[in-house]
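Q: mind looking at a prediction? Sequence and model below.
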Amino acid sequence: MASDPLQQRWRLFLQWWAGVLRKHGWFPHVPLAVFLAAGALKLLHADVGQDWQRHLALLAEGQFDQHPALLPPLLIGLGQLTMSVGLLMRSRLAWTMALLLVIAALASLAFGMHRSVPMLVYFALLLLALLASWRSFDHSSLAASTLYAFTAIAMLVMYATLGSYYLGAQFSPPIKDLITALYYAMITMTTVGYGDIVPRTPESRLFAVSVVVLGVAVFATSLTAVVSPMIKRSLQRIVNQKGYTMKRKDHYVVIGNTSLAVNTWRELAKRGQAVTRLLRDAPEEGELADVDIVVGDSSNVDVLRQAGAHQAKAVLAMRDDDAENAFAVLAVKELGGTARTVAAVNDARHLSRIKLVQPDVIVAPQVLGGELTAMLLTGEKVTADFVLERVFQ
């Protein structure tokens, strides 16, 4: 238990540095994309050879049956090259696929033809880097989802076609050319199954089963990946248009639904200031009808951009969780702009950690309560300067 505060402090320190680097809009997705692409090229060079492009050309010409063991590293390497483009878009889907492909690369290096300790270490470190940066890949764009769908379907078609061609003698009638192999692959993937080509051996039957299972899974996930961003955008638009909307510029963004957040919003509104409230959950129907509201995760840069945080006078993170307030401040700094950041602190033990993310103002009214009560009971003098110093750190 003693190490828990130290772990939290270290995590906030790392988050702060990540926020500083992300301000320039290139970290960590650009380095990870470069490292993934470099690892893919090295994997292709190690497992397939220096002339892996020639093997790819032979594959297209149907002359790949003498080297079936080269198929897995080719598919993994080409998939990683494609997903590196998705990482540049900060796509969560591309991050997931890259993670799976890095694990596949580790398995290929551990059990394949060419075992390389430096490459194993490289991909192991890359796996840890991807896991550590998962929060940075929060985009769900249609372009990245389409890229994933295209890559997954292309790799499945390659696997099914080349596998059918390599096991061609085990089918009845035998598959002797790539056109027939492609025909059988498409018929099997789509579960049509005309029955004109039938697997006759246990190996070919297991292969046919794998193509059917992968075909159903890939088509289902690809369709979901493409349709999900469109549905998500439509739902967010519907939710956010339930209430009043205003021009979000030179305004205040109040994050949270705590008593402090609600009172701050009301006092700013009384003074004629434009305020946007950022809530985790949508309010009940008819509630806050005349209030500009954005619903979403306050640590998500896209949600903050939708709330106009990059054009706001100030962003006030006032949730009841101090860690969420710290992450919100980091996200605002990543977004850029000139908005001042205000972070609320609910627990005195977290005060030093909140300072690590460097908000412009720290508001700690609840921290003051115990100290102020003790001073009043013991007869100590309470001055206005003392209260202001304790409340606004």
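A: It's in.
Q: quick one: pLDDT of residue 368?
A: Listed pLDDT for residue 368 reads 67.
Q: ok, now residue 197?
A: Reading off the model, residue 197 has pLDDT 91.
Q: check contacts around it.
A: 171-173, 175, 180, 183-184, 187 (CB atoms under 8 Å, 6 or more residues apart in numbering). All C-beta spots, glycine's among them, are computed from the backbone N, C-alpha and C.
Q: I'd assumed residue 308 was in contact with residue 337.
A: No. Taking contacts as CB atoms under 8 Å, residue 337 lies outside contact range of residue 308: 9.2 Å.
Q: the more surrounded of the two?
A: residue 308 (23 against 14; other CB atoms under 10 Å).
Q: once you drop chain neighbours, what's closest to residue 110?
A: residue 120 (6.7 Å; CB to CB, 6 or more residues apart in numbering).
Q: can you tell me the element the one you found falls in?
A: Assigned by DSSP states H and E, residue 120 belongs to helix 117-132.
Q: in the stretch 1-150 of the chain, where is pLDDT below threshold?
A: 1-9, 11-25, 47-72, 112-115, 138-145, 147-148 (pLDDT under 70).
Q: and the helices in it, which stretches?
A: 3-22, 29-43, 52-61, 71-88, 92-111, 117-132, 142-166 (DSSP state H, counting those that start in this stretch).
Q: okay, now the domains of the chain?
A: 23-239, 252-391 (automatic domain parsing).
Q: so for residue 10, which of those sits nearest?
A: Minimum separation from residue 10 across the domains of the chain (CB to CB) falls at domain 252-391, 9.7 Å.
Q: what about that closest one, distance to the chain center?
A: 26 Å (CA atoms, centre = their mean, to the nearest Å).
Q: ok, residue 209 - contacts?
A: Counting by CB under 8 Å, 6+ apart, residue 209 has no contacts.
Q: host element of it?
A: With DSSP H and E as criterion, residue 209 is part of helix 202-240.
Q: repeat for residue 353
A: helix 351-356.
Q: report the rounded mean pLDDT for that helix.
A: For helix 351-356, the per-residue pLDDT averages 80.
Q: in that helix, what's buried?
A: 353-356 (16 or more other CB atoms under 10 Å).
Q: tell me what it is packed against?
A: helix 3-22, helix 322-335, strand 361-363 (3 or more CB pairs under 8 Å, 6 or more residues apart in numbering; DSSP states H and E).
Q: ok but residue 316 is inside a strand, no?
A: Yes. When DSSP: H, G, I helix; E, B strand; the rest coil is applied, residue 316 is found to be in a strand.
Q: if I pick it, what's in contact with it?
A: 252-255, 261, 264, 342, 344, 363.
Q: if I look at it, how far off is residue 266?
A: Distance, residue 316 to residue 266, by CB to CB, to the nearest Å: 13 Å.
Q: now the spatially most central residue of the chain, nearest residue through space, not along the chain?
A: With distances taken as CA atoms, centre = their mean, the residue of the chain nearest its centroid is residue 137 (2.8 Å). Distance criterion CB to CB, 6+ apart; nearest residue to residue 137, sequence neighbours excluded, is residue 95 at 3.8 Å.
Q: tally up the residues packed near that neighbour, please.
A: 24.
Q: and for the one 5 residues further on?
A: Using other CB under 10 Å as the criterion, residue 100 is surrounded by 13 other residues.
Q: so how far is residue 89 from it?
A: 18 Å.
Q: and residue 32, by the same measure?
A: 12 Å.
Q: of these two, who's got more company?
A: residue 32 (23 against 18).
Q: verify the stated contact: that one with residue 128.
A: No. With contact defined as CB under 8 Å, residue 32 does not count as touching residue 128 (11.3 Å).
Q: picking up where we left off before, now the contacts of residue 316 in CSV, with pLDDT?
A: Below are the contacts of residue 316 laid out as CSV (pLDDT from 0 to 100):
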residue, pLDDT
252, 94
253, 94
254, 94
255, 94
261, 90
264, 90
342, 90
344, 88
363, 83
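Q: next step: the residues you listed restricted to helices.
A: 261, 264 (DSSP state H).
Q: quick one: buried ones out of the contacts of residue 316?
A: Members of the contacts of residue 316 classed as buried by 16+ other CB under 10 Å are 252-255, 261, 264, 342, 344, 363.
Q: from those residues, pick the one nearest residue 322.
A: residue 344 (7.8 Å).
Q: run through the bridge partners of that closest one.
A: When bridges are called by DSSP bridges, residue 344 pairs up with residue 363.
Q: ok, it - contacts?
A: For residue 344, the contact set (CB under 8 Å, 6+ apart) comprises 256, 258, 260-261, 316-319, 322, 325, 362-364.
Q: please report how far it lies from residue 254.
A: From residue 344 over to residue 254 (counting by CB to CB), the distance is 10 Å.
Q: which neighbours do those two share?
A: By the contact definition CB under 8 Å, 6+ apart, residue 344 and residue 254 are jointly contacted by 261, 316, 318.
Q: burial check on the last one, number of neighbours?
A: Neighbouring residues of residue 318 were enumerated by other CB under 10 Å; the total is 26.
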